[in-house]
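# give me the fold of what follows.
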Amino acid sequence: MIAPDLETAIDRLRGLIDQSPVVVPFTGAGISTECGIPDFRSPGGLWTKNRPIPYDEFIASQDMRNEAWRRRFAMEASFAAAGPGRGHQALASLHRAGKIPALITQNIDNLHQASGFAPESVVELHGNTTYATCLGCGERYALSWVRERFEPAEEAPDCPGCGGYIKSATVSFGQAMPVAAMQRAEELTLTCDLFLAIGSSLVVWPAAGFPLMAKRNSAALIIINREPTEFDGIADLVVRQDIGDALAPFV
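The predicted structure follows:
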(Lines give C-alpha, C1' and ligand atoms only; values in the text may rest on other atoms or scores of the structure.)
Protein backbone atom coordinates (compact mmCIF):
# COMPACT_ATOMS: atom_id res chain seq x y z
CA MET A 1 0.00 0.00 0.00
CA ILE A 2 1.31 3.42 -0.95
CA ALA A 3 0.01 5.96 1.56
CA PRO A 4 -1.71 8.71 -0.48
CA ASP A 5 -0.97 11.54 1.94
CA LEU A 6 1.03 12.35 5.04
CA GLU A 7 -1.87 11.99 7.49
CA THR A 8 -2.74 8.52 6.21
CA ALA A 9 0.93 7.54 6.27
CA ILE A 10 1.34 8.58 9.90
CA ASP A 11 -1.85 6.75 10.94
CA ARG A 12 -0.73 3.56 9.21
CA LEU A 13 2.79 3.91 10.61
CA ARG A 14 1.45 4.32 14.14
CA GLY A 15 -0.81 1.29 13.80
CA LEU A 16 1.92 -1.01 12.50
CA ILE A 17 4.44 0.18 15.10
CA ASP A 18 1.95 -0.19 17.95
CA GLN A 19 1.09 -3.77 17.00
CA SER A 20 4.72 -4.87 16.50
CA PRO A 21 6.65 -5.96 19.63
CA VAL A 22 10.06 -5.73 17.93
CA VAL A 23 10.83 -3.02 15.37
CA VAL A 24 14.14 -2.91 13.49
CA PRO A 25 14.97 0.20 11.45
CA PHE A 26 17.31 0.11 8.48
CA THR A 27 18.47 3.60 7.56
CA GLY A 28 20.14 5.13 4.54
CA ALA A 29 21.42 8.54 3.50
CA GLY A 30 17.94 10.03 3.13
CA ILE A 31 17.43 10.25 6.88
CA SER A 32 20.40 12.61 7.20
CA THR A 33 19.82 15.02 4.33
CA GLU A 34 17.74 17.39 6.47
CA CYS A 35 20.77 17.53 8.79
CA GLY A 36 22.90 19.06 6.05
CA ILE A 37 24.69 15.90 4.93
CA PRO A 38 24.26 15.31 1.17
CA ASP A 39 23.31 11.88 -0.08
CA PHE A 40 25.15 10.03 -2.81
CA ARG A 41 22.93 9.50 -5.86
CA SER A 42 20.52 12.45 -6.00
CA PRO A 43 21.26 15.47 -8.23
CA GLY A 44 24.03 17.33 -6.45
CA GLY A 45 24.89 14.26 -4.38
CA LEU A 46 28.43 13.27 -3.55
CA TRP A 47 28.81 10.75 -6.36
CA THR A 48 27.61 13.23 -9.00
CA LYS A 49 30.56 15.47 -8.10
CA ASN A 50 33.31 12.91 -7.55
CA ARG A 51 33.71 9.35 -8.69
CA PRO A 52 34.00 7.07 -5.64
CA ILE A 53 37.53 5.82 -4.97
CA PRO A 54 37.46 2.01 -4.93
CA TYR A 55 39.34 0.16 -2.23
CA ASP A 56 41.88 -1.36 -4.60
CA GLU A 57 42.80 2.08 -5.93
CA PHE A 58 43.18 3.42 -2.40
CA ILE A 59 45.58 0.56 -1.61
CA ALA A 60 47.52 0.82 -4.86
CA SER A 61 48.10 4.56 -5.12
CA GLN A 62 49.47 7.23 -2.81
CA ASP A 63 47.74 9.79 -5.03
CA MET A 64 44.38 8.09 -4.43
CA ARG A 65 45.00 7.99 -0.69
CA ASN A 66 45.82 11.68 -0.79
CA GLU A 67 42.66 12.40 -2.77
CA ALA A 68 40.51 10.35 -0.41
CA TRP A 69 41.68 12.38 2.56
CA ARG A 70 41.38 15.65 0.66
CA ARG A 71 37.73 14.85 -0.03
CA ARG A 72 37.10 13.79 3.56
CA PHE A 73 38.49 16.99 5.01
CA ALA A 74 36.59 19.06 2.42
CA MET A 75 33.40 17.53 3.89
CA GLU A 76 34.44 18.07 7.50
CA ALA A 77 32.43 21.25 7.97
CA SER A 78 29.21 19.49 6.91
CA PHE A 79 29.77 16.52 9.18
CA ALA A 80 30.92 18.62 12.13
CA ALA A 81 27.92 20.95 11.93
CA ALA A 82 25.32 18.20 11.56
CA GLY A 83 23.12 17.15 14.45
CA PRO A 84 20.41 14.48 14.62
CA GLY A 85 17.28 15.25 12.61
CA ARG A 86 13.66 14.46 13.33
CA GLY A 87 14.02 10.97 11.93
CA HIS A 88 16.98 10.16 14.17
CA GLN A 89 15.17 11.58 17.19
CA ALA A 90 12.01 9.60 16.45
CA LEU A 91 13.91 6.33 16.26
CA ALA A 92 15.76 7.18 19.47
CA SER A 93 12.39 7.77 21.18
CA LEU A 94 11.13 4.38 20.04
CA HIS A 95 14.41 2.85 21.23
CA ARG A 96 13.94 4.37 24.69
CA ALA A 97 10.37 3.09 24.72
CA GLY A 98 11.63 -0.46 24.20
CA LYS A 99 10.29 -0.91 20.67
CA ILE A 100 13.67 -0.86 18.93
CA PRO A 101 16.41 -3.12 20.35
CA ALA A 102 19.00 -1.86 17.85
CA LEU A 103 19.12 -0.47 14.34
CA ILE A 104 20.96 -1.21 11.13
CA THR A 105 22.41 1.67 9.13
CA GLN A 106 24.20 2.23 5.86
CA ASN A 107 25.17 5.68 7.11
CA ILE A 108 28.62 6.71 8.26
CA ASP A 109 27.76 9.99 9.99
CA ASN A 110 27.42 8.87 13.64
CA LEU A 111 24.08 10.73 13.99
CA HIS A 112 22.21 7.76 15.44
CA GLN A 113 24.71 7.62 18.27
CA ALA A 114 24.36 11.38 18.74
CA SER A 115 20.57 10.98 18.99
CA GLY A 116 20.85 8.65 21.97
CA PHE A 117 21.61 5.16 20.68
CA ALA A 118 24.52 3.48 22.41
CA PRO A 119 27.27 2.51 19.94
CA GLU A 120 26.56 -1.17 20.54
CA SER A 121 22.95 -0.62 19.46
CA VAL A 122 23.94 0.79 16.06
CA VAL A 123 24.99 -1.78 13.46
CA GLU A 124 27.11 0.12 10.94
CA LEU A 125 27.26 -1.80 7.69
CA HIS A 126 29.40 0.78 5.91
CA GLY A 127 31.51 1.95 8.81
CA ASN A 128 31.94 5.36 10.43
CA THR A 129 33.58 8.48 9.02
CA THR A 130 34.24 10.21 12.35
CA TYR A 131 37.52 8.39 12.98
CA ALA A 132 40.21 6.50 11.07
CA THR A 133 41.85 3.09 11.35
CA CYS A 134 45.06 1.49 10.17
CA LEU A 135 44.40 -1.17 7.56
CA GLY A 136 47.45 -3.07 8.77
CA CYS A 137 47.19 -3.34 12.55
CA GLY A 138 43.74 -1.90 13.22
CA GLU A 139 44.96 0.99 15.37
CA ARG A 140 42.36 3.73 15.71
CA TYR A 141 43.23 7.37 14.97
CA ALA A 142 41.37 10.62 15.58
CA LEU A 143 40.70 12.64 12.43
CA SER A 144 42.49 15.58 14.02
CA TRP A 145 45.66 13.46 14.22
CA VAL A 146 45.37 12.54 10.54
CA ARG A 147 44.62 16.10 9.49
CA GLU A 148 47.61 17.53 11.34
CA ARG A 149 49.90 15.23 9.38
CA PHE A 150 48.04 15.49 6.08
CA GLU A 151 47.75 19.25 5.68
CA PRO A 152 51.36 20.46 5.32
CA ALA A 153 51.92 18.64 2.01
CA GLU A 154 48.43 17.11 1.47
CA GLU A 155 49.93 13.65 1.82
CA ALA A 156 48.12 10.83 3.61
CA PRO A 157 50.13 9.61 6.61
CA ASP A 158 50.98 5.98 7.27
CA CYS A 159 50.63 4.22 10.60
CA PRO A 160 53.63 5.01 12.81
CA GLY A 161 53.25 1.63 14.48
CA CYS A 162 53.23 -0.78 11.54
CA GLY A 163 53.57 1.38 8.44
CA GLY A 164 50.09 0.42 7.22
CA TYR A 165 47.76 2.70 5.32
CA ILE A 166 45.40 4.84 7.40
CA LYS A 167 41.86 5.12 6.07
CA SER A 168 38.64 6.61 7.37
CA ALA A 169 36.75 3.82 9.12
CA THR A 170 34.30 3.45 6.26
CA VAL A 171 33.70 0.63 3.79
CA SER A 172 34.73 1.52 0.24
CA PHE A 173 33.63 -0.11 -3.00
CA GLY A 174 35.45 -3.39 -3.31
CA GLN A 175 36.29 -3.58 0.40
CA ALA A 176 35.02 -6.56 2.38
CA MET A 177 31.88 -5.96 4.40
CA PRO A 178 32.38 -6.13 8.18
CA VAL A 179 31.61 -9.73 9.16
CA ALA A 180 30.40 -9.05 12.70
CA ALA A 181 28.11 -6.22 11.59
CA MET A 182 26.59 -8.32 8.82
CA GLN A 183 25.95 -11.20 11.21
CA ARG A 184 24.34 -8.88 13.77
CA ALA A 185 22.19 -7.27 11.09
CA GLU A 186 20.96 -10.69 9.97
CA GLU A 187 20.11 -11.67 13.54
CA LEU A 188 18.12 -8.47 14.06
CA THR A 189 16.37 -8.88 10.71
CA LEU A 190 15.28 -12.43 11.50
CA THR A 191 13.93 -11.59 14.97
CA CYS A 192 11.87 -8.48 14.18
CA ASP A 193 8.14 -8.18 13.69
CA LEU A 194 8.41 -4.94 11.72
CA PHE A 195 11.27 -3.85 9.45
CA LEU A 196 11.49 -0.11 8.74
CA ALA A 197 13.55 0.78 5.66
CA ILE A 198 14.10 4.54 5.88
CA GLY A 199 15.87 6.81 3.42
CA SER A 200 17.58 4.08 1.46
CA SER A 201 17.49 3.57 -2.29
CA LEU A 202 17.82 -0.18 -1.59
CA VAL A 203 20.19 -0.71 -4.50
CA VAL A 204 23.48 -1.28 -2.68
CA TRP A 205 24.01 -4.97 -2.04
CA PRO A 206 24.41 -6.98 0.11
CA ALA A 207 22.88 -4.45 2.53
CA ALA A 208 19.76 -4.10 0.37
CA GLY A 209 18.96 -7.76 0.96
CA PHE A 210 17.87 -7.23 4.56
CA PRO A 211 14.37 -5.83 3.80
CA LEU A 212 13.71 -8.82 1.55
CA MET A 213 15.03 -11.18 4.24
CA ALA A 214 12.70 -9.64 6.82
CA LYS A 215 9.66 -9.91 4.55
CA ARG A 216 10.43 -13.53 3.72
CA ASN A 217 10.64 -14.21 7.46
CA SER A 218 7.05 -12.93 7.91
CA ALA A 219 7.89 -9.49 9.26
CA ALA A 220 5.89 -6.50 8.09
CA LEU A 221 7.88 -4.18 5.83
CA ILE A 222 7.55 -0.39 5.72
CA ILE A 223 9.53 1.68 3.23
CA ILE A 224 9.88 5.42 3.86
CA ASN A 225 11.68 7.09 0.97
CA ARG A 226 11.04 10.07 -1.28
CA GLU A 227 11.78 8.05 -4.41
CA PRO A 228 10.45 4.63 -5.48
CA THR A 229 12.49 1.53 -4.67
CA GLU A 230 12.50 -1.90 -6.29
CA PHE A 231 10.96 -3.38 -3.13
CA ASP A 232 7.90 -1.11 -2.99
CA GLY A 233 5.76 -3.87 -4.48
CA ILE A 234 6.31 -6.24 -1.55
CA ALA A 235 6.05 -3.64 1.23
CA ASP A 236 3.08 -3.51 3.58
CA LEU A 237 3.29 0.27 3.53
CA VAL A 238 5.20 2.70 1.31
CA VAL A 239 5.57 6.29 2.48
CA ARG A 240 6.81 8.69 -0.21
CA GLN A 241 6.87 11.72 2.03
CA ASP A 242 9.57 13.79 3.67
CA ILE A 243 11.21 11.52 6.23
CA GLY A 244 11.32 14.14 8.95
CA ASP A 245 7.66 14.98 8.45
CA ALA A 246 6.62 11.31 8.49
CA LEU A 247 8.54 10.48 11.67
CA ALA A 248 8.19 13.76 13.60
CA PRO A 249 5.02 12.57 15.44
CA PHE A 250 7.06 9.77 17.02
CA VAL A 251 9.67 12.05 18.60
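
# and A3, backbone torsions?
Per-residue torsions, A3: phi -60, psi 130 (degrees, to the nearest 10).

# quick check, pLDDT for it.
For A3, the pLDDT comes out at 83.

# please tell me how far it sits from Q241.
For A3, the distance to Q241 (CB to CB, to the nearest Å) stands at 7 Å. The C-beta positions use only the backbone N, C-alpha and C, and glycine is treated the same way.

# distance of the residue most central in space within the chain relative to D236?
Nearest to the geometric centre of the chain sits N107, at 1.7 Å (CA atoms, centre = their mean). Here N107 is placed at a distance of 24 Å from D236 (CB to CB).

# before we move on, what about M64?
Going from M64 to D236 by CB to CB gives 43 Å.

# same question, R71
Between R71 and D236 the computed distance is 39 Å (CB to CB).

# just W145 next, same as before
W145 is 47 Å from D236, by CB to CB.

# quick one: G87 and G244 touch, right?
Yes: when contacts are counted by CB atoms under 8 Å, G87 is listed as touching G244 (5.7 Å).

# higher neighbour count, the two?
More neighbours surround G87 than the other of G87 and G244, with 31 against 18 (other CB atoms under 10 Å).

# mind checking how far the more buried one is from E154?
As judged by CB to CB, G87 and E154 stand 36 Å apart.

# for I223, pull up the helix or strand it's in.
Under the criterion of DSSP states H and E, I223 resides in strand 220-224.

# who's in contact with the next helix or strand after that strand?
Per DSSP H and E, the first helix or strand lying C-terminal to strand 220-224 is strand 237-239. Strand 237-239 has contacts (CB atoms under 8 Å, 6 or more residues apart in numbering) with 1-3, 9, 12-13, 16, 220-225, 232, 246.
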